[in-house]
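Participant: next comes the sequence, and after it the predicted model I'd like to discuss.
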Amino acid sequence: MWQYLFLSFIGLCSGCVIAAGVTGLVIGLAITPRYAGITHTAQHVLLYEDATFFGTLLGTLFFLFGWKIPGGTLTLILYGLFSGMFLGAWILALAEMADIFPIFIRRIRLRQGLPPAILCVALGKITGSLLYYYLNFG
């Protein structure tokens, strides 16, 4: 019994630390205001923050309690579409804020062939993801 209480406490503390780290990253890099600036919807920043909070809360509850999303295949397709759009938008906003590619290009002294290099990075990520899920690691 004490072991389960201890593990529950460790799990709760770990979750809080991870959530605080993600929140610190989002706030520290000012991703939400930048995202609103990119889309020219700065008047909806509070809506973005609320949607992020409630999406995280609902996602956690669905994962923790094993709830099912009602609606069948159509709901699953819509969920996947909007989740992908949301994640892609956040990744693009983060990449723009961090200026990853210019720093990387300067460090390796890449003078020619930037578009094929970016394409190879994207294809590598796609191949890795497909292999990961095909081999049932996920």
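Facilitator: The structure has been received and is ready for your questions.
Participant: all helices for this protein, in order.
Facilitator: Under the criterion DSSP state H, the chain contains helices at 2-28, 31-38, 45-65, 72-98, 100-108, 114-134.
Participant: burial-wise, tell me which of those helices comes out on top.
Facilitator: Highest mean neighbour count of the helices of the chain: helix 31-38, a mean of 16 (counted as mean count of other Cβ atoms under 10 Å). The way it works is simple: take the backbone N, C-alpha and C, and place the C-beta from them, glycine included.
Participant: will you turn the helices of the chain into CSV that also has mean pLDDT?
Facilitator: CSV is the format used below for those (pLDDT from 0 to 100):
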stretch, mean pLDDT
helix 2-28, 76
helix 31-38, 76
helix 45-65, 76
helix 72-98, 77
helix 100-108, 74
helix 114-134, 83
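Participant: pick out the residue closest to the middle of this structure.
Facilitator: Centrality entry for the chain: nearest residue to the mean C-alpha point is Leu87, 4.8 Å, by Cα atoms, centre = their mean.
Participant: roughly how far does that residue sit from Phe53?
Facilitator: According to Cβ to Cβ, to the nearest Å, Leu87 and Phe53 sit 16 Å apart.
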